[in-house]
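# Sequence and predicted structure, then a few things I'm wondering about:
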Amino acid sequence: MNNLTGYYKNSPWPVECGGNKRQKIVSNGVLNSKNKKPKVITKINNRWNVMFVHRNQGELFLGGTMPSFIGPKPFGWVQKINPDDLSVLRESPKLKCGDHIWCGAIAVNQDGNILKVNGSYVHLLDNNCNVIKEKKLSVNQAHNGFLILSDNTLITKDIRLTNDKESTLTRLDSKTLETIGDPLTLPEPSMGRIASLLEDGIEYIYIPGKQKIWRVIVHNNKMEIDYSWNPLYRHDDKKQGLAWDGCISDDSIWFMDNGDIETVRTIFSENPNGRFESFPQTLDWRLPAPWEGKVRLLRFNIKTGEKYSYEPFSQQKGGIIAPPLNISKHKLCIVWDSINGGIAGISYNDNKFEKNWEINIRPTMQPIYFEQSNELVINHFDDKSDYLLVIDVLEGKILSKVNLRTPMANGMFLTPGFNNDVLYCSTLAISKVSW
């Protein structure tokens, strides 16, 4: 069960990050991983696996695309997965993506059907992965995830990095895929995924732009940019990179910058996005960052737009491919540097930041936090294999380290399983770890 109005009522995790605020908090269940022997299932499927979502109890769906940077055309797909052994129970036909290669997203709508945004297409599928409806979006560009709002409308946005064209918000009926109102052109290109907040009967969408964080007010038949709230987070220079997704928590929205690493820039230097005549050598996220600055933790007050900034790590040329996780009850924000390595717990009080702990690992992906047991789950890549780590967020200590034996790490999503387990997605592989 969940309290997410636009999603399937019976699902505890119907959408990426567990909800529109992108808090990535698992409120029910614990791992209690310390001193337990983990059980690992890894499947190498040679696909770009993006995320798992839940429908009913024990009903699991996986969505993704194909890493077809050269050669055969890419396509999107959805699979119904057996949560016990990760075998495929049902699979969609090949889903059009406009030949764009980017991760996209899936979610379970209020009717219990599966929505998938991939490239420049949206698909609506039933719980056996049959296509109910297909819609080509008006913007010919890869779209970077989506959310379902309280009025059952779906909001999605194309991903752009450079000033040649601004990004666009598109609004659809999540049950029929019919367009609602006119698409909204944003003042800037936007890379990171959107977050939303329903407050005092008004729904707000928060979008990281190239220099500012933008807020959009959702009306019945239109969307409107709220020019009273658009704080600046970076200058258009070579010191800092762009922000990924925001996390709404503790009356603030939290970001990390330095996200448009060489891999991302290479993918979006082409249209269709990510398609090349020969395989580029710049698709490795470990390459040096194309800017000078350190990774920054950025906090913006939801009411006033006031900005607070902190540099958690000492090394220059930091970079990330996933956003932070804030734990409001502990006044603690979890941040990392994927290029240089390092993860840290940053406490804040009266808008003063202090590093509580730091661990020398190399995380890349969207973590999850088990609230009842204070266990954070995130990956660590050692250049040979990806690991899943469980960290005590109060002590900053590793409770469990599990070798997934997967060949590649990226910035995809972790999902809680149904019984003391965690589901992992990356390029080429999926895994399940149980304690």
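Received the coordinates, thanks.

# going forward, measure contacts between C-alpha atoms and count neighbours the same way
Fine.

# how deep is residue 139 tucked in, by neighbour count?
Around residue 139 sit 17 other residues, with neighbours defined as other CA atoms under 10 Å.

# Which residues lie in contact with the residue lying closest to it once chain neighbours are set aside in this structure?
Once flanking residues are discounted, residue 139 sits nearest to residue 120: 6.7 Å by CA to CA, 6 or more residues apart in numbering. With contacts defined as CA atoms under 8 Å, 6 or more residues apart in numbering, residue 120 is in contact with 97, 98, 100, 136, 137, 138, 139, 140, 141, 142, 143.

# How about residue 242?
Residues in contact with residue 242 (CA under 8 Å, 6+ apart) are 191, 209, 210, 211, 234, 257, 258, 259, 260.

# can you count the residues close to residue 219?
Residues near residue 219, counting by other CA under 10 Å: 12.

# before we move on, back to that, can you tell me how far the residue nearest to residue 139 is from residue 158?
To residue 158, residue 120 is 8 Å away according to CA to CA, to the nearest Å.

# Common neighbours of those two, please.
With contacts defined as CA under 8 Å, 6+ apart, the residues shared by residue 120 and residue 158 are 139, 141, 142, 143.

# so where's the stretch 1-150 of the chain uncertain?
For the stretch 1-150 of the chain, the stretches flagged by pLDDT under 70 are 1.

# swap the cut-off to 80 and go again
Along the stretch 1-150 of the chain, segments meeting pLDDT under 80 span 1-3.

# Could you pull out the strands in it for me?
25-26, 39-54, 60-65, 77-81, 88-91, 105-108, 114-118, 121-125, 131-136, 143-148 (DSSP state E, counting those that start in this stretch).

# How about the stretch 201-350 of the chain?
With DSSP E, counting those that start in this stretch as the criterion, the stretch 201-350 of the chain has strands at 202-208, 213-218, 223-225, 247-249, 252-256, 297-301, 307-310, 325-327, 332-336, 343-349.

# Now mean neighbour count, distance to residue 424 and mean pLDDT too, for these, in JSON lines please.
Compiled in JSON lines, the strands of the stretch 201-350 of the chain are given as follows (neighbours: other CA atoms under 10 Å; distance: least, CA to CA, whole Å; pLDDT from 0 to 100):
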{"stretch": "strand 202-208", "mean neighbour count": "21", "distance to residue 424": "26", "mean pLDDT": "98"}
{"stretch": "strand 213-218", "mean neighbour count": "21", "distance to residue 424": "30", "mean pLDDT": "98"}
{"stretch": "strand 223-225", "mean neighbour count": "18", "distance to residue 424": "35", "mean pLDDT": "98"}
{"stretch": "strand 247-249", "mean neighbour count": "24", "distance to residue 424": "20", "mean pLDDT": "98"}
{"stretch": "strand 252-256", "mean neighbour count": "25", "distance to residue 424": "22", "mean pLDDT": "98"}
{"stretch": "strand 297-301", "mean neighbour count": "21", "distance to residue 424": "25", "mean pLDDT": "98"}
{"stretch": "strand 307-310", "mean neighbour count": "17", "distance to residue 424": "30", "mean pLDDT": "97"}
{"stretch": "strand 325-327", "mean neighbour count": "25", "distance to residue 424": "17", "mean pLDDT": "98"}
{"stretch": "strand 332-336", "mean neighbour count": "25", "distance to residue 424": "19", "mean pLDDT": "98"}
{"stretch": "strand 343-349", "mean neighbour count": "19", "distance to residue 424": "19", "mean pLDDT": "97"}
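
# would you turn those strands into CSV with distance to residue 177?
CSV is the format used below for the strands of the stretch 201-350 of the chain (distance: least, CA to CA, whole Å):
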stretch, distance to residue 177
strand 202-208, 20
strand 213-218, 18
strand 223-225, 17
strand 247-249, 27
strand 252-256, 29
strand 297-301, 33
strand 307-310, 37
strand 325-327, 31
strand 332-336, 36
strand 343-349, 40
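
# Alpha carbons of stretch 294-301, in CSV - could you do that?
Only the C-alpha atoms of stretch 294-301 are listed here, as CSV (Å, rounded to 0.1, in the frame of the first residue of the first chain):
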residue,chain,number,x,y,z
LYS,A,294,34.7,19.6,-6.7
VAL,A,295,31.3,17.9,-6.3
ARG,A,296,28.9,20.2,-4.4
LEU,A,297,25.9,19.4,-2.2
LEU,A,298,23.3,22.0,-2.9
ARG,A,299,20.2,22.8,-0.7
PHE,A,300,17.4,25.2,-1.7
ASN,A,301,14.7,26.3,0.6
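
# and it, how far from the chain's centre?
Remark: stretch 294-301 is offset 17 Å from the chain centroid, using CA atoms, centre = their mean, to the nearest Å.

# let's have the chain start at 684 instead
In the new count, where the first residue is 684, that last one comes out as stretch 977-984.

# Name the surrounding residues that touch it.
Residues from elsewhere that reach stretch 977-984 (CA under 8 Å, 6+ apart): 914, 916, 923, 934-941, 989-1003, 1007, 1018, 1020.

# Compare the shared contacts of residue 803 and residue 841 and tell me which is most surrounded.
Per-residue neighbour counts (other CA under 10 Å) across these peak at residue 826, which has 32 neighbours.

# show me what contacts that one?
785, 787, 800, 801, 802, 803, 839, 840, 841, 842.

# same question, residue 765
So residue 765 contacts 742, 743, 771, 772 (CA under 8 Å, 6+ apart).

# What's the local residue count around the second one?
Read it as residue 743. 23.

# Which strand residues bridge it?
residue 737, residue 764 (DSSP bridges).

# One more: the third one?
For residue 771, the residues forming beta bridges with it (DSSP bridges) are residue 764.

# Kindly provide the distance from it to residue 744.
Residue 771 is 10 Å from residue 744, by CA to CA.

# Between the two, tell me which one has more neighbours.
residue 744 (27 against 13).

# Right, I'll call it a day here.
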